[in-house]
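Chemist: Okay, here's the prediction I keep looking at, along with the sequence it came from:
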Amino acid sequence: MAVNLKGRSFLSIMDFTPQEVRYLLDLAHDLKAKKRAGIRTDSLKGKNIVLLFEKTSTRTRCAFEVAAMDEGAGVTFLDSKSSQMGKKESLADTAKVLGRFYDGIEYRGYDQKVVEDLRTYAGVPVWNGLTDVDHPTQALADIMTVEEYVHKPLSEVKLAFCGDTRNNVAYCLMYICAKLGIHYVGFGPKELAPAQDVLDRCLDAAKETGATFTISDDAAVLDGADVLYTDIWASMGEEDKIPERVRLLTPFRVTAELAEKTHNPNYIFLHCLPSFHDFNTTMARDCREKGYDIREVTDDVFLSTHSHCFDEAENRMHTIKAVMVATIGNV
Ligand code: CP
Ligand code: NVA
């Protein structure tokens, strides 16, 4: 049956069938090729979208804005300081108002229940731009990048996430691996292992696709990995946990020495960004002065030819465009 995602929200990869996820990836590859060729499709002409951000962003905000403008849509950006949402007006009322003005709503914040409530009350598609437990548009861009640089079928790909294996990015990768039959490895400390219910849902979806899940603190699990992936050790809102995270996660820092454990000369390195890979940020410097090296990856990997982080960042725009075109587009 042909895939039709019109009117659907995009809150988690787990809400979509493998065929629907495949459709979004194919559309993203097609839209990227069209942009490169200078072909305009104006699929969102006459539409307006609103971007709600309760946490900061560079890539996600800009990806939504550029994707919308490329396709002819109008964009409004609201952050928590400049709107009434949650303070003087309930979420339900805010959603009902925005649903009258806009054709789609993006939300980035803390609680997954907020995007779920927005979907309930808005009456238009809602797109999850990151919560504490999920980041589905990131996962699409990541697998799009894998398809560009790992030259084998996804069912043969081994993707290893190193570090805080229970954060939002690790979870969205688990979900997309489950849906697409990719072999997922979570390499991190037991204290930060994925929640059992998340793993159970992935294992359930994997029955249909052949995906496998290995969670371990033993670097031997990296053997044969095609993709090494990491993310910052303390996500937005968790900055007070830095001392504990440095203690737990230093053995899982992605270095050239660790990458050798893949025994794969063609492995690629991915990172959702932003990354602490050197000390050229105030946060990395301030932490170092306090005795904490917060680098989750070192430059011998981050700046190496294995690294495709910036291709991945570009693909945020193409995949977000695909999500908007598929759910509210004119074609
Ligand atoms: N990867 C990502 O979501 O980046 P931003 O926080 O800059 O949006
Ligand atoms: N885990 C990170 C991802 C940032 C894109 C965070 O939530 O801060």
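Modeler: Here it is on my side, so go on. Numbering: from 1, shown residues only. Ligands and ions are numbered 1, 2, ... in the order given.
Chemist: Residue of this structure nearest ligand 2, please.
Modeler: Closest residue of the chain to ligand 2, Cβ to the nearest ligand atom: S235 (3.3 Å). To be clear about C-beta, it is placed using only N, CA and C from the backbone, and glycine gets the same treatment.
Chemist: My reading is that that residue lies in a strand. Confirm?
Modeler: No. Assignment of S235 by DSSP: H, G, I helix; E, B strand; the rest coil gives coil, placing it outside any strand.
Chemist: give me the number of residues near the nearest residue to it once chain neighbours are set aside?
Modeler: With Cβ to Cβ, 6 or more residues apart in numbering as the criterion, S235 has its nearest non-adjacent residue at 5.2 Å, and that residue is N167. Number of residues near N167 (other Cβ atoms under 10 Å) recorded here: 23.
Chemist: Double-check N167 against D231; I have them as touching.
Modeler: Yes. The pair N167 and D231 qualifies as a contact (Cβ atoms under 8 Å) at a distance of 6.0 Å.
Chemist: pLDDT weak spots in the stretch 1-150 of the chain?
Modeler: Across the stretch 1-150 of the chain, no stretch falls below the confidence threshold (pLDDT under 70).
Chemist: And the strands in it?
Modeler: Remark: strands assigned in the stretch 1-150 of the chain by DSSP state E, counting those that start in this stretch are 48-53, 74-79, 104-108, 126-128.
Chemist: Burial-wise, tell me which of the ones you listed comes out on top.
Modeler: Using mean count of other Cβ atoms under 10 Å, the stretch among the strands of the stretch 1-150 of the chain with the greatest mean number of neighbours is strand 126-128 (a mean of 29).
Chemist: what does it contact?
Modeler: Contacting residues not belonging to strand 126-128 are listed as 9-12, 64, 104-108, 112, 115, 118-119, 134-137, 320, 323-324, 327 [Cβ atoms under 8 Å, 6 or more residues apart in numbering].
Chemist: now it, how far from the chain's geometric center?
Modeler: For strand 126-128, the separation from the chain centroid amounts to 13 Å (computed by Cα atoms, centre = their mean, to the nearest Å).
Chemist: so does that strand get close to ligand 2?
Modeler: No. Among the residues of strand 126-128, none lie within reach of ligand 2 under Cβ under 6 Å from any ligand atom; the closest is 12.3 Å away.
Chemist: Stretch 180-195 too?
Modeler: No. Stretch 180-195 lies apart from ligand 2 when judged by Cβ under 6 Å from any ligand atom; the minimum separation is 12.2 Å.
Chemist: Compute the number of surrounding residues for the residue lying closest to K35 once chain neighbours are set aside.
Modeler: Distance criterion Cβ to Cβ, 6+ apart; nearest residue to K35, sequence neighbours excluded, is D70 at 6.7 Å. By the criterion of other Cβ under 10 Å, D70 has 20 neighbours.
Chemist: what's the answer for K321, then?
Modeler: 27.
Chemist: quick one: the host helix or strand of it to strand 48-53, angle?
Modeler: Counting by DSSP states H and E, the element that carries K321 is helix 309-328. What separates the directions of helix 309-328 and strand 48-53 is an angle of 130 degrees, with axes from the mean of the first three to the mean of the last three Cα atoms, to 10 degrees.
Chemist: In contact with the closest residue to ligand 1 within the stretch 151-300 of the chain: list those residues for me.
Modeler: With Cβ to the nearest ligand atom as the measure, C272 is the residue of the stretch 151-300 of the chain nearest to ligand 1, at 3.9 Å. By Cβ under 8 Å, 6+ apart, the contact list for C272 reads 135, 138, 142, 169, 231, 312.
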